[in-house]
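Q: starting from these lines, generate the structure:
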Amino acid sequence: MDNAMVTGRMSTEKKAAGAKVLAKAGLNASQAVNLMYDKLEQEQSAEFLVRRKPEPREWESAARFLDSLYMEVNPRFEGMSRSEIRLERAKVKGLI
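A: Just a heads-up that it's a prediction; the model follows:
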């Protein structure tokens with residue numbers, strides 16, 4: 001499958017704040033954009049991106065979507081800090 005790049009413009013502050021939120025969830029910007037595009041394709045609508053007061057059924061749908069985003073963690077890295085993970089990956093690649 002070919003890859004395509006998506007470019008978006010935003011303030012540096014917004015990018016940094018968003019990256020912090022994504023990092024807490026174990027995601028990066030590319031993964032978040034891919035998840036958003038998956039949702040766009042699945043729903044065939046961008047309504048979930050528009051700000052308005054959701055209906056109760058929409059809250060239920062959103063909760064199901066969030067529950068579906070579970071990402072399995074490689075047990076090899078469980079309990080390791082990000083720095084320790086980076087070091088381990090560098091060792092495996094023979095960089096250290």
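Q: which stretches of this structure have low pLDDT?
A: Within the chain, the ranges that satisfy pLDDT under 70 run 71, 73.
Q: show me it divided up by domain.
A: Domain assignment for the chain, taken from automatic domain parsing, gives 1-51, 53-96.
Q: in a markdown table, list those along with mean neighbour count.
A: C-beta: built from backbone N, CA, C; applies to glycine. Converted to a markdown table, these look like this (neighbours: other CB atoms under 10 Å):
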| stretch | mean neighbour count |
| --- | --- |
| domain 1-51 | 10 |
| domain 53-96 | 10 |
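Q: contacts only, for the residue nearest the centre of the chain.
A: In the chain, the C-alpha nearest the mean C-alpha coordinate belongs to A32, at 3.1 Å (CA atoms, centre = their mean). Going by CB atoms under 8 Å, 6 or more residues apart in numbering, A32 touches L22.
Q: pull the distance from the helix or strand containing it to the chain's centre.
A: Mapping A32 onto the secondary structure by DSSP states H and E places it in helix 29-43. Taking CA atoms, centre = their mean, to the nearest Å, one finds the center of helix 29-43 at 9 Å from the center of the full chain.
Q: with only the CA atoms kept, save it in PDB.
A: Once side chains and other backbone atoms are set aside, the C-alpha atoms of helix 29-43 remain, and they are given as PDB (Å, rounded to 0.1, in the frame of the first residue of the first chain):
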ATOM      1  CA  ALA A  29       0.100  12.900  15.400                       C
ATOM      2  CA  SER A  30       0.200  10.400  12.500                       C
ATOM      3  CA  GLN A  31      -1.600   7.700  14.500                       C
ATOM      4  CA  ALA A  32      -4.300  10.300  15.500                       C
ATOM      5  CA  VAL A  33      -4.800  11.500  11.900                       C
ATOM      6  CA  ASN A  34      -5.000   7.800  10.800                       C
ATOM      7  CA  LEU A  35      -7.700   7.100  13.400                       C
ATOM      8  CA  MET A  36      -9.600  10.200  12.300                       C
ATOM      9  CA  TYR A  37      -9.500   9.200   8.700                       C
ATOM     10  CA  ASP A  38     -10.600   5.600   9.600                       C
ATOM     11  CA  LYS A  39     -13.600   7.200  11.400                       C
ATOM     12  CA  LEU A  40     -14.400   9.400   8.400                       C
ATOM     13  CA  GLU A  41     -14.400   6.400   6.100                       C
ATOM     14  CA  GLN A  42     -16.400   4.300   8.600                       C
ATOM     15  CA  GLU A  43     -19.000   7.000   9.200                       C
END
